[in-house]
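Colleague: Here's my sequence, what's the structure:
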Amino acid sequence: MPDRPDDQPTDPPARRPPDERPSAQRLVSAQDVEDADDTLFAHPPRVVRRWVCECGADYPCTDVLFARLVKATAEADK
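Modeller: All right, here's what the predicted structure looks like:
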């Protein structure tokens with residue numbers, strides 16, 4: 001048995017068709033959807049070429065970054 005009243009099981013609310021929901025229950029407005037369409041149109045995917053390290057990660061991978069840091073520190077100590 002639940003200890004608190006808010007843990008009591010309740011019946012799910014009656015399902016309404018999406019067009020009959022009150023505006024207070026809508027997650028997005030029609031303007032939000034229109035803005036999303038505009039954003040998706042303005043930001044199409046594009047093909048890019050990138051460098052890949054021999055280990056398969058994007059270049060420079062963390063090993064290369066660390067090696068560069070070690071070398072730069074060693075040269076600064078000279």
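
Colleague: so how far is Ala57 from Ala74?
Modeller: 24 Å (C-beta to C-beta, to the nearest Å). For glycine as for every other residue, the C-beta is placed from the backbone atoms N, C-alpha and C.

Colleague: try Leu65
Modeller: 11 Å.

Colleague: low pLDDT regions in the chain?
Modeller: 1-24 (pLDDT under 70).

Colleague: Look through it and tell me its longest helix.
Modeller: helix 62-77 (DSSP state H).

Colleague: Can you name the residues in contact with that helix?
Modeller: Cys53, Cys55, Pro60 (C-beta atoms under 8 Å, 6 or more residues apart in numbering).

Colleague: One more: stretch 31-50?
Modeller: Val28, Asp58, Tyr59.

Colleague: name the element the nearest residue to the first one once chain neighbours are set aside belongs to?
Modeller: This points to Val28. Leaving aside its sequence neighbours, Val28 sits nearest to Ala36 (C-beta to C-beta, 6 or more residues apart in numbering; 7.9 Å). Here Ala36, judged by DSSP states H and E, is contained in helix 30-42.

Colleague: C-alpha coordinates for the longest helix of the chain, CSV please?
Modeller: Provided in CSV are the C-alpha atoms of helix 62-77 (Å, rounded to 0.1, in the frame of the first residue of the first chain):
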residue,chain,number,x,y,z
THR,A,62,43.3,12.5,-27.3
ASP,A,63,46.6,10.6,-27.6
VAL,A,64,47.9,13.1,-30.2
LEU,A,65,46.7,16.0,-28.1
PHE,A,66,48.5,14.6,-25.1
ALA,A,67,51.7,13.9,-27.1
ARG,A,68,51.6,17.5,-28.4
LEU,A,69,51.2,18.8,-24.8
VAL,A,70,54.2,16.7,-23.6
LYS,A,71,56.4,17.9,-26.5
ALA,A,72,55.4,21.6,-26.0
THR,A,73,56.1,21.3,-22.3
ALA,A,74,59.5,19.7,-23.0
GLU,A,75,60.5,22.4,-25.4
ALA,A,76,59.4,25.1,-23.0
ASP,A,77,61.7,23.6,-20.3
